[in-house]
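S.K.: Let's see this in three dimensions:
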Amino acid sequence: MVPHLITALTGPINELEQRVLDSMPAIERWFRLEWMEHTPPFYSSVDIRNAGFKLAPVDTNLFPSGWHNLTPEMMPLAVQAAMAAIEKICPEARNLLMIPENGKPSSFYLESLVQLQRIFNMAGLNVRLGSIDPAVKKTTSYDLQNGGTVTLEPVIRGKRRLGLKDFDPCTILLNNDLMAGVPGILEEIFEQYLLPPLHAGWPTRRMSSHYKAYEEVAKRLGKLMGVDPWLINPLFEKCEEVELGQAKGLDCLSAQVDLVLTRVRRKYKEYGIKEKPFVVVKADHGTHELGVVTVRDARDMQALRDRVSSLTHGRKTPWLPHDFLVQEGVLTQERVNDAVAEPVIYTMDRYVVGGFYRVHAGRGVDEALNAPGSDYVPLAFEHSTQLPQPGVKPGASVPNRFYMYGVVGRLAMLAASYELESTDPDAEVYA
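M.R.: Sure, this is the predicted structure:
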């Protein structure tokens, strides 16, 4: 059974919910067949935006943190999914080594690591945290806000294996997106399972590749449900090797912004949508000093040029060429206590295991909410047995709303599976 979660928020009514519910048996069968052919990412989190007329993923994280925001009621689902994932990969596994991000961890990140540790512990594994940060030279304990402690140990690299002192793991779980590059200590590990694989990290990964794969699966699911795939798919273009210090780099961004805005305006006109379209410009891989920029028109594009100019002024080092994604912006019509909100879905193996609302009182409906000042409101379980309710008027059923989020979250997870297959350096090639 695919777990279904329940959100306490009723969103705007839209036809999409009815189509999703009417197609439920076909959708579940379709996912089942896909997972027979493709391996889901070990875990992920998906940011979703509900515009009232459109529901689409705007970010898919393959090294998710924030696990501490899941409620205790969600833990059984996460533990069952962890068991299923481990059984497929290394059924005899006893020890799991978790590798966190480098640098001094924040209290929130430590809480997330402890929650993950707890999940895999309950799934039947001894779990320890090992750092690959060269600055971590000895075992370090950190105090948690709840009074507990968490211990981080320096990893030890053997000829072919990675471990800790007196700890030899079967499986290594990366919770580190390798933003700074793949360190040699993680290369050529042939005797242990490394999850997610190295090519899931930012040195290889591109969000444009993910959304290309998502576009493909969204078209197929849209056809199955009899809906326009645009209703679940954000349009996008990309600019490669952009040199922000050069005029031609910004010209490429400007041209792609115009292209995506034109396509979105066409769709808004087709559906009679009165909202003002916008696009989001962000790094195609990892993060960038420029941040996430919302562009609605030529004036915003000029503001972007001015921002680049001010960031460039007085720089001692030139900008390095970087790839950028120009993505259709999706409004959020969801609110928690009058603040704009977006659901974030957590997955493990092929299951939805939990989620929460990211809420930001200081942001608008067309701005990124993953920013300082955001709060997290858990998606509430009402009754663990409460599944989607066919026949209920669209927008009136909380379980139905969440079922739809779960479908979009799993679709992004399937796209990540396609994406990882396409970039796998060890993939078998059939002539």
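
S.K.: For residue 208, which three-state class applies?
M.R.: In three-state terms, and counting by DSSP: H, G, I helix; E, B strand; the rest coil, residue 208 is helix.

S.K.: okay, now it: neighbour count?
M.R.: The local packing of residue 208 (other CB atoms under 10 Å) involves 21 other residues. C-beta coordinates here come from the backbone N, C-alpha and C atoms, glycine included.

S.K.: I'd say it and residue 284 touch.
M.R.: Yes - between residue 208 and residue 284 there is a contact under CB atoms under 8 Å: 5.3 Å.

S.K.: Mutual contacts of those two, please.
M.R.: 238, 323, 325 (CB atoms under 8 Å, 6 or more residues apart in numbering).

S.K.: did I read that right, the first one in a helix?
M.R.: No - under the criterion used here (three-state DSSP), residue 238 is strand, not part of a helix.

S.K.: follow-up on the earlier one: can you put the shared contacts of residue 208 and residue 284 in JSON lines and add distance to residue 414?
M.R.: Output for the shared contacts of residue 208 and residue 284, formatted as JSON lines (distance: CB to CB, whole Å):
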{"residue": "238", "distance to residue 414": "21"}
{"residue": "323", "distance to residue 414": "23"}
{"residue": "325", "distance to residue 414": "20"}
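
S.K.: Out of those residues, show me where the pLDDT dips lowest.
M.R.: Of all the shared contacts of residue 208 and residue 284, residue 323 carries the smallest pLDDT score, 91.

S.K.: which SS class is residue 204?
M.R.: coil.

S.K.: so how many other residues sit close to it?
M.R.: Neighbours of residue 204 under the rule other CB under 10 Å: 17.

S.K.: Roughly how far does it sit from residue 286?
M.R.: Remark: distance between residue 204 and residue 286 (CB to CB, to the nearest Å) = 11 Å.

S.K.: Which stretches in the stretch 151-300 of the chain count as strands?
M.R.: Assigned by DSSP state E, counting those that start in this stretch, the strands in the stretch 151-300 of the chain fall at 156-157, 162-163, 171-174, 193-195, 236-242, 279-283, 293-295.

S.K.: Neighbours of residue 192, how many?
M.R.: Residues near residue 192, counting by other CB under 10 Å: 18.

S.K.: isn't it right up against residue 158?
M.R.: No - at 10.3 Å, residue 192 and residue 158 do not qualify as touching, with contact defined as CB under 8 Å.

S.K.: who are the neighbours in contact with residue 324?
M.R.: Neighbouring residues of residue 324 by CB under 8 Å, 6+ apart: 238, 239, 242, 253, 281, 282, 283, 284, 288.

S.K.: Between those, which sits nearest residue 341?
M.R.: Closest approach to residue 341 among these (CB to CB): residue 282, at 20.1 Å.

S.K.: Now do stretch 417-425: distance to the chain's middle.
M.R.: Offset of stretch 417-425 from its chain centre (CA atoms, centre = their mean, to the nearest Å): 16 Å.

S.K.: Repeat that for stretch 27-35.
M.R.: Stretch 27-35 sits 21 Å away from the centroid of its parent chain (CA atoms, centre = their mean).

S.K.: contacting residues around that stretch?
M.R.: Among residues not part of stretch 27-35, those counted as contacts by CB under 8 Å, 6+ apart are 2, 20, 217, 220, 221, 224, 225, 350, 407, 410, 414.

S.K.: what about 6 Å?
M.R.: Applying CB atoms under 6 Å, 6 or more residues apart in numbering, the contact partners of stretch 27-35 are 224, 350, 414.

S.K.: Mind checking which of these are buried?
M.R.: Those of these that meet the buried threshold are 350, 414, by 16 or more other CB atoms under 10 Å.

S.K.: mind listing which of the contacts of stretch 27-35 are in helices?
M.R.: Of the positions in the contacts of stretch 27-35, 224, 414 sit in helices, assigned by DSSP state H.
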